[in-house]
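1. Take this sequence and fold it.
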Amino acid sequence: MAAKSRVGMNLLWSVPGVGGSEDYLLRQLMGLAEIAHDHEVTVYTPRGFTRRHSWLKNSYRVIEAPSSCTRREVRIALEHTWLAAASRHEELMHHGGGSVPRTENVPTVLTIHDVQWVDYPDYVSPRKLAYLRRMVPSSMNRAHHVAVPSQFVATTLKRHFALAEEKVSVVRHGMEPRFVSEVSPEVDVRARFNLEGRRVVTFPAITHPHKNHRFLLSLLTGHGDWADPALTLVCTGGQGRADSDVHARVSELGLADRVRFLGRVSGADRNGLIALSEAMVFPSEYEGFGAPVIEAMLLGVPVVCSDRASLPEVAADAAVVLPLEEAAWTNALSQVAIHREALVQAGRRRAMQFTTSESARELVAVYDKVLASGGAAGTSQTRSSS
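-> Below is the predicted model:
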C-alpha cells in the first residue's frame with residue numbers, strides 16, 4: 001500500500017468569534033474523516049482549541065500552538081516561526097484563514113472565504129483594510145491553489161485580482177441535519193424570549209453593516225406584510241460594527257416593541273427561534289456563502305433573502321430571492337404563506353446538495369491536483385485592481 005501524503009491544515013486563525021469561517025473548515029475535517037482518501041492530515045490549532053472541539057483528537061493528530069492566537073500579530077508571528085518549524089515534514093499545507101505565511105516552502109492550498117473588503121471597504125476598519133490589501137493578493141500569488149466556498153467568490157477573485165481560472169476551485173460548505181438537530185421547544189422559546197402570541201421572523205446575523213439590519217427596520221415601518229403590529233423581528237448574533245447604529249435606528253423608528261435583539265444564544269435556542277418563524281429573512285448585501293440560508297432550509301423554514309453576492313447561487317430556486325428594494329419585499333411574507341409547503345420541500349432538497357462528504361471530496365480533489373502538479377500552479381500571478 002502506498003504511503004499517504006502528509007497534509008497540514010493551519011487553523012491558527014480560528015479563534016472564538018470567527019463563526020462561519022471556522023465551521024466551514026471544521027466540517028471539511030468532519031467529511032475527511034468520513035470518506036476514503038490518500039492523505040494523512042495533521043491539524044495545527046491555537047492553544048485550547050481541542051477543549052472546544054474535542055472530537056478532533058479522535059480523527060486527527062492535533063498540534064496546539066503555544067498561544068491562544070487571539071491577537072493577530074501573535075498569530076502571524078507564530079505562523080512564521082513556530083508553525084514553520086512544527087510543520088516542516090508536511091508535503092502540503094492548507095492555510096484556512098485567507099493568508100499564506102511568507103516562510104512557507106511547500107505546495108500550499110489557500111482558503112479564501114470572501115473578499116467583502118474589495119466591494120465594501122468602508123465596512124472594514126482602516127487598519128484591517130490595509131492588512132487585507134497587502135496580505136491577500138500576496139498570499140494568492142504564493143499559493144499553489146485557492147479554495148473558495150462559492151462560485152461568486154471565485155468570480156470575484158478572477159475579476160479583481162486576475163486570478164487564473166485553473167488556480168481556483170469551489171469547495172462547498174458541509175451543511176447537514178445533524179448540525180441543527182438540537183432545537184429548543186417552541187413553547188419554551190416563546191416563553192423565555194417573550195414571544196407568546198407573536199408572529200415571528202428571524203434574522204441570525206451579527207450586526208455588521210453589510211448584514212443590513214436597517215433594511216428590515218425600514219420594512220417594519222412601512223405597509224403590506226410588515227405593518228402588522230403583532231409581527232416581531234427576532235435578531236440573534238453578536239455585536240458588530242453597526243450595533244450602536246442599528247439600536248439607535250430602532251429607537252428613532254419607535255420599534256422597541258417589535259424588535260428583539262437577543263445577542264448570542266445557544267445553538268438549540270437559535271434553531272428553535274428559526275423553527276417557529278414564518279420565515280428566516282436575510283437581506284445581506286454581501287455573503288461569501290450565507291450558511292444561515294441552508295440551515296433554515298434544513299429546519300424546514302422558508303427563506304426570504306436578497307439577490308446580492310452569493311445568495312442567489314446558494315438559495316437557487318428554493319427561496320424567495322428579492323432585490324434590495326422595499327417595494328419588492330412588501331408582500332414577501334404573503335408569498336411565503338401561499339407557497340410555504342413548496343418552499344419547505346424545495347429547501348430540503350436544496351440542502352441535501354451541501355454535505356460534509358461532498359465538501360471533503362471537493363477538498364481532496366484540490367489536494368490531489370496540487371500534489372500531482374508538484375505545486376506548479378503556484379507560479380500563476382494575481383494582480384490587485386482595488
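2. Just the C-alpha atoms of the host helix or strand of residue 201, please, in CSV.
-> In this structure, residue 201 is located in strand 199-204 according to DSSP states H and E. The C-alpha coordinates for strand 199-204 follow below in CSV (Å, rounded to 0.1, in the frame of the first residue of the first chain):
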residue,chain,number,x,y,z
ARG,A,199,-45.8,36.4,14.6
VAL,A,200,-42.1,35.9,14.2
VAL,A,201,-39.5,36.3,11.5
THR,A,202,-35.8,35.7,12.4
PHE,A,203,-32.6,37.2,11.2
PRO,A,204,-29.5,35.3,12.6
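3. quick one: that strand to chain centroid distance?
-> How far strand 199-204 lies from its chain's middle: 20 Å, per CA atoms, centre = their mean, to the nearest Å.
4. Export the helix or strand following it to PDB, keeping only CA atoms.
-> Using DSSP H and E, the helix or strand that follows strand 199-204 in sequence is helix 213-220. Extracted C-alpha coordinates of helix 213-220, given in PDB (Å, rounded to 0.1, in the frame of the first residue of the first chain):
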ATOM      1  CA  HIS A 213     -30.400  45.200   9.700                       C
ATOM      2  CA  ARG A 214     -31.500  48.800   8.800                       C
ATOM      3  CA  PHE A 215     -33.400  47.500   5.700                       C
ATOM      4  CA  LEU A 216     -35.600  45.200   7.800                       C
ATOM      5  CA  LEU A 217     -36.300  48.000  10.300                       C
ATOM      6  CA  SER A 218     -37.500  50.200   7.500                       C
ATOM      7  CA  LEU A 219     -39.800  47.500   6.300                       C
ATOM      8  CA  LEU A 220     -41.400  47.300   9.700                       C
END
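5. residues in contact with helix 213-220?
-> Helix 213-220 is contacted from outside by 203, 205, 207, 226-227, 231, 233, 235, 242, 245-246, 249-250, 253, 255, 258-259, 281, 283, 324, 326, 329-330, using CB atoms under 8 Å, 6 or more residues apart in numbering. (Each C-beta comes from the backbone N, C-alpha and C, glycine too.)
6. Just the buried ones out of those residues, please.
-> 203, 205, 207, 226, 231, 233, 235, 242, 246, 249-250, 255, 258-259, 281, 283, 329-330 (16 or more other CB atoms under 10 Å).
7. taking those one by one, which sit in helices?
-> Under the assignment DSSP state H, the buried ones among the contacts of helix 213-220 contribute 246, 249-250, 329 to helices.
8. that older thread, given the strand holding residue 201, what are its sheet partners and their directions?
-> strand 231-236 (parallel), strand 279-282 (parallel) (DSSP bridges).
9. which parts of it are buried?
-> Within strand 199-204, the residues scored as buried using 16+ other CB under 10 Å are 200-204.
10. what pLDDT, on average, does that strand get?
-> Across strand 199-204, the average pLDDT comes to 98.
11. So residue 12 sits against residue 79, correct?
-> Yes. The pair residue 12 / residue 79 is scored as a contact, 5.9 Å apart, by CB atoms under 8 Å.
12. Now tabulate the ones in helices among the buried ones among the contacts of helix 213-220 in JSON lines and tack on pLDDT and distance to residue 122.
-> Shown next, in JSON lines, are those (pLDDT from 0 to 100; distance: CB to CB, whole Å):
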{"residue": "246", "pLDDT": "98", "distance to residue 122": "16"}
{"residue": "249", "pLDDT": "97", "distance to residue 122": "18"}
{"residue": "250", "pLDDT": "97", "distance to residue 122": "22"}
{"residue": "329", "pLDDT": "97", "distance to residue 122": "24"}
